[in-house]
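Q: Sequence first, then the predicted structure:
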Amino acid sequence: MKKILLFLLVAFGGFANAQYVVNYKKVADTYFENKDYYAASTFYKKALKITGDSSHVILPYGKERKSAADDKVIEDYEGSIYNLAESSRLYREFGEAEKYYAIAITFTNTRFRKALYYYAESLRANKKFNQAIDAFQQFIQKNPGDVLAKDAQKEIESCKFAIEEMRFPRMVQVKKVSGNVNGLGSNYAPVKINNELYFTSSRPVAVASKKDMVKTDAGEFQVSTKTNPFINNIYVAKGELTSTDIAVKKIDISFPKNTEAAAAAFTPDGNTIYFTAWKDKEKYAIYSSKKTGDKWTDPQPLGLQVNSKDFNSTQPFVTSDGKFLLFSSDRSGGYGKFDLWYCAVREDGSLGQAVNFGPEINTEDDERAPYYNTLTKKLLFSTDGRIGFGGLDFFESEGDLVNWSSPKNLGYPFNSSKDDLYFTATDDKGTKGYISSDRESSCCLEVFEVKKEYLSIAGLLTDCKTKLPLAGASVTLTNAEGSQKLTTGTDGIYRFKVDSKRPIKLLFAKDNYFAITKNYAYEELAKADTLIYKDYCLSPFKLGIPITLENVYYEFNSAELTEASKKVLDFLIPIMEDNPGMEIELGSHTDNIGTDEYNLDLSNRRAKSCTDYLESKGIAASRMTSKGYGESMPIAPNEIIVKRKKKDNPEGRAKNRRTEFKVTKK
């Protein structure tokens, strides 16, 4: 006990003798209160005497406490561990956060009860989804009435979603942009115009060193650090992004002193730029600047339609037709924290009133960084308010700024277990572009190039009898993402595009034809490159017209089906399964050998044996009827006349001994 306490007193030492030892905990607490989490984590580690290669710290438990001083040491220790975990999480260093929350969850003080939730969140960010599910479930069990219990349940669903998504990745290439674009600090919100890439970066700027003054109970101490150099500014890169020495410079706009700027957007002609700007402790607002020759005018804040001192407005986007300005704001009248809004842009450049995107898009949490393609009518945005990978995920919805389809998560690897936002397209249809993500970084957003790819499922649909292309047929493709449907033209061609290789079901249907279903397993799709081409045909039928089942035989003078006959009847099983509303009659016929009464009875028993067999294979008895016709409906002569004498006709009698089915209801 004494040795452990001595260690802890040294680790947090100097409280009474501060003139000899810098109080690192006090320094760390000061940075933590000022939300400088990177610096805070650095000094908490110093206070805890954690070196770069430390894998754990000593836990002061399992020993009897001797005095109030012991309690104070443990209280400071626990507070420092918890704040170190918090600093790491808030700095987006989830690997470190997981490590220290794993210690904090052992603390009994209720002050640290949220540690379990954030431990689970860190596990999720580190792609440890099953462990995260267990931790979130533990948090709910221990804190059923906590406001975070609802969020924990959503996180569990997100982890399950992520596990499934990573089993079936979307066909998307994601490549980190090399060179000087992804420098130190955060690099995000890329937008390409006139062959120039504009993006935001918080890369360090040159500042002089200074001594930070930190007050302690014993007086003031100077700690040598650098002023936070990470200031957000808009930069422009010219040339090939693959070049390691691509030229990067700040945009030539005169911002007011101490102003940070981010997230540029341009009008279609490139002569007006919109961006977010703010000063420390002030609200975010959207500004614009106009290009005159090679110069940008001094930035001006947008009017009250967008900005206010009472709320934040950020992340502008201008549609490619220049008619609408989209942005994210926590202004009143929304559905949650930050919502998506839009304003009409008039011909003179002035703005109409802001309109909310509505509850189909916005949630009670954050919606960020809108992108809208006027050609495809698709909206891409980021949100943490829906089931996804956790953090901010990209979602896509189709609509016209008033009516929207239900947003769909764009899946893995478009999304990651961390934050993903700021999509911008580099082609008309939005299949290529850039995103920002901290998926490969311990702290900061970086710029990635993305390219969507697709697997084409196509083929020719024909009439099984005529072999001609079948027009007017309905073809439906269904997979985990939903359904797509088309009607074949005169060429009989069907074609779909999917963005993942999840299992697929195809349903082909047309009036007066038997529908068919074809399934593609993941293993089959995984082997394909970009195209699977298969031809199919549909068999026609007419209601009430019998169709002969060839080669259905029975044991001699018996109603018992032969094994070969069962295989023939198996032909009806997929037809019945693919046409669930269809009802049929199975009829049995005999030749004229034997009495009428005997043949009628035998045919009834034989027809019944057919329906019994199909029922044993899962076809509902209510969808089938059996009927024996005896020798009453021959389709060939049982006897023929040869030289004016009747002669047995074995071929004819064989044709008459038949089993047929006919559709009685479609």
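A: Good, I have the coordinates.

Q: Now that Tyr235 has come up, it's in contact with Glu196, right?
A: No. Using Cβ atoms under 8 Å, Tyr235 is not in contact with Glu196; the gap is 10.4 Å. Glycine gets a C-beta too; all of them are placed from N, C-alpha and C.

Q: ok, the two, which is more surrounded?
A: More neighbours surround Tyr235 than the other of Tyr235 and Glu196, with 19 against 13 (other Cβ atoms under 10 Å).

Q: List the beta-bridge partners for that one.
A: Assessed by DSSP bridges, Tyr235 has beta-bridge partners Phe199, Lys250.

Q: same thing with Pro540?
A: Tyr513.

Q: wouldn't it be in contact with Thr462 here?
A: No. Contact between Pro540 and Thr462 fails when scored by Cβ under 8 Å: they sit 11.3 Å apart.

Q: Which residue of the two possesses the greater neighbour count?
A: Neighbours were tallied for Pro540 and for Thr462 using other Cβ under 10 Å; the higher tally belongs to Thr462 (18 against 15).

Q: Helix or strand: which one has that one?
A: Here Thr462, judged by DSSP states H and E, is contained in strand 455-463.

Q: Tell me where the protein has helices.
A: 2-11, 24-33, 37-47, 68-90, 94-104, 115-125, 129-142, 147-167, 522-527, 563-569, 572-578, 596-616, 650-656 (DSSP state H).

Q: Throw those helices into CSV and include mean pLDDT, thanks.
A: Output for these, formatted as CSV (pLDDT from 0 to 100):
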stretch, mean pLDDT
helix 2-11, 36
helix 24-33, 91
helix 37-47, 90
helix 68-90, 87
helix 94-104, 96
helix 115-125, 97
helix 129-142, 97
helix 147-167, 94
helix 522-527, 90
helix 563-569, 90
helix 572-578, 93
helix 596-616, 93
helix 650-656, 81
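
Q: looking at the ones you listed, which is buried most?
A: helix 115-125 (a mean of 25; mean count of other Cβ atoms under 10 Å).

Q: hmm, who's touching that helix?
A: With contacts defined as Cβ atoms under 8 Å, 6 or more residues apart in numbering, helix 115-125 is touched by 82, 85-86, 89, 94, 97-98, 101-102, 104-105, 107, 129, 131-132, 135-136, 138-139, 142-143, 148, 151-152, 155, 158-159, 162, 390-391, 417-418.

Q: ok, now stretch 397-405?
A: 324, 342, 355, 357-358, 360-361, 372, 376-379, 381, 406-408.

Q: could you list every residue that touches the residue nearest to Ala654 when sequence neighbours are not counted?
A: In space, Ala654 comes closest to Asp591 once its chain neighbours are excluded; the distance is 7.8 Å by Cβ to Cβ, 6 or more residues apart in numbering. Each residue near Asp591 by Cβ under 8 Å, 6+ apart is listed here: Glu631, Pro634, Asn638, Gly652, Arg653, Ala654, Asn656, Arg657.

Q: one more time with 7 Å, if that's ok
A: Asp591 makes contacts with Glu631, Asn638, Arg653, Asn656, Arg657, as judged by Cβ atoms under 7 Å, 6 or more residues apart in numbering.

Q: Just to check, the fourth one is in contact with Pro634?
A: This points to Asn656. Yes. Using Cβ atoms under 7 Å, Asn656 is in contact with Pro634, at 4.6 Å.

Q: dump the residue contacts of the residue nearest to Thr424 when sequence neighbours are not counted.
A: Spatially, and ignoring its direct neighbours in sequence, Thr424 is nearest to Val191 (4.7 Å; Cβ to Cβ, 6+ apart). When contacts are counted by Cβ under 7 Å, 6+ apart, Val191 touches Tyr198, Ala264, Ala265, Phe266, Thr424.

Q: what about stretch 360-373, average pLDDT?
A: For stretch 360-373, mean pLDDT rounds to 97.

Q: list the buried ones in it?
A: Within stretch 360-373, the residues scored as buried using 16 or more other Cβ atoms under 10 Å are Ile361, Asn362, Thr363, Asp365, Asp366, Glu367, Arg368, Ala369, Pro370, Tyr371, Tyr372, Asn373.

Q: follow-up on the earlier one: and the helices of the chain: which comes nearest Phe255?
A: Proximity to Phe255 (Cβ to Cβ) singles out helix 37-47 among these, at 24.3 Å.

Q: Measure how far the direction of that closest one deviates from that of helix 94-104, in degrees.
A: 50 degrees (axes from the mean of the first three to the mean of the last three Cα atoms, to 10 degrees).

Q: could you say what helices and strands helix 37-47 packs with?
A: helix 24-33, helix 68-90 (3 or more Cβ pairs under 7 Å, 6 or more residues apart in numbering; DSSP states H and E).

Q: Can you dump the C-alpha atoms of that helix in PDB for me?
A: C-alpha atoms of helix 37-47 as PDB (Å, rounded to 0.1, in the frame of the first residue of the first chain):
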ATOM      1  CA  TYR A  37      -7.400  18.400 -26.000                       C
ATOM      2  CA  TYR A  38      -4.100  17.600 -27.700                       C
ATOM      3  CA  ALA A  39      -2.100  19.600 -25.200                       C
ATOM      4  CA  ALA A  40      -4.300  18.400 -22.400                       C
ATOM      5  CA  SER A  41      -3.600  14.700 -23.200                       C
ATOM      6  CA  THR A  42       0.100  15.500 -23.400                       C
ATOM      7  CA  PHE A  43       0.200  16.900 -19.900                       C
ATOM      8  CA  TYR A  44      -2.100  14.300 -18.400                       C
ATOM      9  CA  LYS A  45       0.400  11.700 -19.600                       C
ATOM     10  CA  LYS A  46       3.200  13.700 -17.900                       C
ATOM     11  CA  ALA A  47       1.200  13.900 -14.700                       C
END
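
Q: How far does that helix sit from its chain's centre?
A: 35 Å (Cα atoms, centre = their mean, to the nearest Å).

Q: who touches that helix?
A: 11-12, 24-25, 27-28, 31-32, 80, 83-84, 87-88, 90-91, 225.

Q: from the residues you listed, which is closest to Thr562?
A: Ser88 (73.8 Å).

Q: quick one: contacts for the closest one?
A: Contacts of Ser88 (Cβ under 7 Å, 6+ apart): Ser41, Glu96, Ala97, Tyr100.

Q: What is the nearest of the residues you listed to Leu600?
A: Checking the contacts of Ser88 one by one against Leu600 (Cβ to Cβ), the nearest turns out to be Ala97, at 82.5 Å.

Q: roughly how far apart are the closest one and Ser382?
A: 22 Å (Cβ to Cβ, to the nearest Å).

Q: Output stretch 132-151 as PDB, nothing but the C-alphas.
A: Included here for stretch 132-151 are C-alpha records, laid out as PDB according to Å, rounded to 0.1, in the frame of the first residue of the first chain:
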ATOM      1  CA  ALA A 132     -18.600  -2.500 -28.800                       C
ATOM      2  CA  ILE A 133     -22.000  -4.200 -28.900                       C
ATOM      3  CA  ASP A 134     -21.200  -6.000 -25.600                       C
ATOM      4  CA  ALA A 135     -20.000  -2.700 -24.000                       C
ATOM      5  CA  PHE A 136     -23.100  -0.700 -25.200                       C
ATOM      6  CA  GLN A 137     -25.400  -3.500 -23.900                       C
ATOM      7  CA  GLN A 138     -23.600  -3.300 -20.500                       C
ATOM      8  CA  PHE A 139     -24.100   0.400 -20.400                       C
ATOM      9  CA  ILE A 140     -27.800   0.100 -21.100                       C
ATOM     10  CA  GLN A 141     -28.200  -2.500 -18.300                       C
ATOM     11  CA  LYS A 142     -26.300  -0.400 -15.800                       C
ATOM     12  CA  ASN A 143     -27.900   2.900 -16.800                       C
ATOM     13  CA  PRO A 144     -31.400   2.100 -18.200                       C
ATOM     14  CA  GLY A 145     -32.800   5.600 -17.500                       C
ATOM     15  CA  ASP A 146     -29.700   7.500 -18.800                       C
ATOM     16  CA  VAL A 147     -30.200   9.900 -21.700                       C
ATOM     17  CA  LEU A 148     -27.300   8.000 -23.500                       C
ATOM     18  CA  ALA A 149     -29.100   4.700 -23.300                       C
ATOM     19  CA  LYS A 150     -31.200   5.600 -26.400                       C
ATOM     20  CA  ASP A 151     -28.000   6.600 -28.200                       C
END
